[in-house]
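K.L.:
this one's sequence-less:
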């Protein structure tokens, strides 16, 4: 699963994050991507990296003597929420475009008609 994430999801995530943060002047954080560090971490077995289902286990263990428990044990973090439900309930272009994109065959036949709008198909 980690290999799949690294090869498919990470490149798309980084591209979207980079473009969106620059487009809106937002300072953002991305994963640690130092090449030698990534190579080293790829050699560590997953049962060590994700022991007992704990995410970021190596990072937490490595900094446990430098970070307070309030940070190390924090469980309330989440990604940036997108108010998709509100956008779709309001109707308008977002709702119409979303429905259009879900129609059978729509992704193959969709084309962007205006470069300044991500919602126009």
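P.N.:
Perfect, thanks for sending it. Computed from a prediction, not measured in an experiment: that's the story for all the values here.
K.L.:
residues near the closest residue to residue 72 other than its chain neighbours, how many?
P.N.:
Leaving aside its chain neighbours, residue 72 sits nearest to residue 60 (5.6 Å; criterion: C-beta to C-beta, 6 or more residues apart in numbering). For glycine as for every other residue, the C-beta is placed from the backbone atoms N, C-alpha and C. When neighbours are defined as other C-beta atoms under 10 Å, residue 60 has 14 of them.
K.L.:
what's the pLDDT at residue 60?
P.N.:
Note on residue 60: pLDDT of 87.
K.L.:
in the host helix or strand of it, what's buried?
P.N.:
Assigned by DSSP states H and E, residue 60 belongs to helix 57-62. Within helix 57-62, no residue qualifies as buried by neighbour count (16 or more other C-beta atoms under 10 Å).
K.L.:
which strands and helices sit next to the helix or strand that it is followed by?
P.N.:
Heading C-terminal from helix 57-62, the first helix or strand you meet, by DSSP H and E, is helix 69-72. Using 3 or more C-beta pairs under 8 Å, 6 or more residues apart in numbering; DSSP states H and E, no helix or strand is in contact with helix 69-72.
K.L.:
gap between whatever helix or strand comes next after helix 69-72 and the chain center?
P.N.:
Sequence-wise, the next helix or strand downstream of helix 69-72 (DSSP H and E) is helix 84-90. For helix 84-90, the gap between its own C-alpha mean and the chain's C-alpha mean amounts to 21 Å (C-alpha atoms, centre = their mean, to the nearest Å).
K.L.:
re earlier: so how far is the helix holding residue 60 off the chain centroid?
P.N.:
Distance of helix 57-62 from its chain centroid, counting by C-alpha atoms, centre = their mean, is 21 Å.
K.L.:
from residue 49, how far out is residue 101?
P.N.:
Distance check for residue 101 against residue 49: by C-beta to C-beta, to the nearest Å, it reads 36 Å.
K.L.:
of those two, who's got more company?
P.N.:
With neighbours defined as other C-beta under 10 Å, residue 101 and residue 49 compare such that residue 49 has more, 15 against 12.
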